[in-house]
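Trainee: Need coordinates for the following:
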Amino acid sequence: QVQLVESGGGLVQAGGSLRLSCAASGDTICISTMGWYWQAPGKERELLAAITTGGSTYTADSVKGRFTISRDNAKNTVYLQMNSLKPGDTAVYYCNAECRDRRNRLLNDYSGQGTQVTVSS
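Mentor: Numbering: from 1, shown residues only. As a prediction, the model looks like this:
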């Protein structure tokens, strides 16, 4: 089992910045790709960004240039730096971690409880 705990959400004015953190604990040895999803009110959860253990990243076009994902493998922590925030970025942000075996087969997919980000205009 892997537990994920997000932190860093809150209320910020448009144009401001926030840095989300997600710390993994438990059977972290199996963790491969980690990522961030968001879910705005009335909308489906969407992938924002992801990062492999080797540091390769994916960032959704909607936030590219404003959001940056990074990770510290030694700390089993993934971060999401969010700059130039807009009211449309208001959502619950969820951390995600894939757990894979040595043959890269997906064993499990974990998500955190989510952290609320609210951007005021």
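
Trainee: Pull the residues that contact stretch 4-13.
Mentor: Taking CB atoms under 8 Å, 6 or more residues apart in numbering as the criterion, the residues outside stretch 4-13 that touch it are 18-25, 85, 93-97, 110-121. Glycine gets a C-beta too; all of them are placed from N, C-alpha and C.

Trainee: Please name the bridge partners of Thr57.
Mentor: When bridges are taken as DSSP bridges, the partners of Thr57 come out as Ile51.

Trainee: how long is stretch 62-77 end to end?
Mentor: Chord length of stretch 62-77, first to last residue, is 24 Å (CA to CA, to the nearest Å).

Trainee: Kindly list the main-chain dihedrals of the residue positioned nearest the centre of the chain?
Mentor: Taking CA atoms, centre = their mean, the centroid of the chain lies closest to Trp36, which sits 2.3 Å from it. Trp36 has phi and psi values of phi -130, psi 130 when expressed as degrees, to the nearest 10.
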